[in-house]
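A.B. asks: I need the structure of the sequence given here:
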Amino acid sequence: MDKREQWRVGEAGEVIVNMDKPRALRLTHRAMKTFSKLTACKLEDMEDAIQDPVKLEALYYSMLLADAKENGEPLKVTDMEALMDTMTPGALIGAAGKALELAYADAAPSPAAEEGDEKNADPAAEEGGEKNADPAAGTGKTA
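C.D. replies: As a prediction, this is how the structure comes out:
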């Protein structure tokens, strides 16, 4: 990793952050549980949590634990401030956001995504109605 590059996506699909050394951010089940215990934050609120420095620190700690264990290093919450100070705030937020995105990439797609038309999906079509049907049709109202 180039010293100027603060983070990138690694070959194994994890986010590599360049702190005191390259470290892997992994949002595992254990990381989610640890983050939730530290912050009392629900998983559905994780994306918003990266905007809060205290929660962002807890998220980094939670996601770096597996990397530290693999490398036989102790990692404490109190280590995080110094490690995170090696990166810019924008890079910290960007890397955490990408780690969340990669973790949720395996989530089950919506029916519209399976059809390849996620952005233009019509909710009525998902409920069994005709796709892109005129909402005023059949109501006696003109559009």
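
A.B. asks: from here on, contacts and neighbour counts on C-alpha atoms
C.D. replies: Fine.

A.B. asks: can you give me the end-to-end distance of stretch 9-26?
C.D. replies: For stretch 9-26, the separation between the terminal residues is 11 Å (Cα to Cα, to the nearest Å).

A.B. asks: roughly how far out does it sit from the chain middle?
C.D. replies: Put simply, stretch 9-26 sits 14 Å off its chain's centre (Cα atoms, centre = their mean, to the nearest Å).

A.B. asks: What helix or strand is the spatially most central residue of the chain located in?
C.D. replies: What sits nearest the mean C-alpha location of the chain, by Cα atoms, centre = their mean, is residue 100, with 1.2 Å. Assessed by DSSP states H and E, residue 100 sits inside helix 89-104.

A.B. asks: Could you check that helix and say which residues are buried?
C.D. replies: 91, 92, 93, 94, 95, 96, 97, 98, 99, 100, 102 (16 or more other Cα atoms under 10 Å).

A.B. asks: Packing partners of that helix?
C.D. replies: Contacts defined by 3 or more Cα pairs under 8 Å, 6 or more residues apart in numbering; DSSP states H and E place helix 89-104 against strand 7-9, strand 15-18, helix 53-70.

A.B. asks: could you give the angle of that helix to helix 53-70?
C.D. replies: Angle of helix 89-104 versus helix 53-70, following axes from the mean of the first three to the mean of the last three Cα atoms, to 10 degrees, is 60 degrees.

A.B. asks: Give me the contacts around helix 89-104.
C.D. replies: Contact with helix 89-104 is made by 6-8, 13-15, 17, 25-28, 47, 50-51, 56, 59-60, 84, as judged by Cα atoms under 8 Å, 6 or more residues apart in numbering.

A.B. asks: Low-confidence ranges, this protein, go.
C.D. replies: Scanning the chain for pLDDT under 70 picks out 1-4, 108-143.

A.B. asks: can you do 90?
C.D. replies: 1-4, 12-13, 43-47, 104-143 (pLDDT under 90).

A.B. asks: Now do the contacts for residue 60.
C.D. replies: 25, 80, 96.

A.B. asks: cool, and residue 62?
C.D. replies: Residue 62 makes contacts with 27, 30, 31, 32, 34, 35, as judged by Cα under 8 Å, 6+ apart.

A.B. asks: of those, closest to residue 107?
C.D. replies: Nearest to residue 107 among the contacts of residue 62 is residue 27, at 13.3 Å by Cα to Cα.
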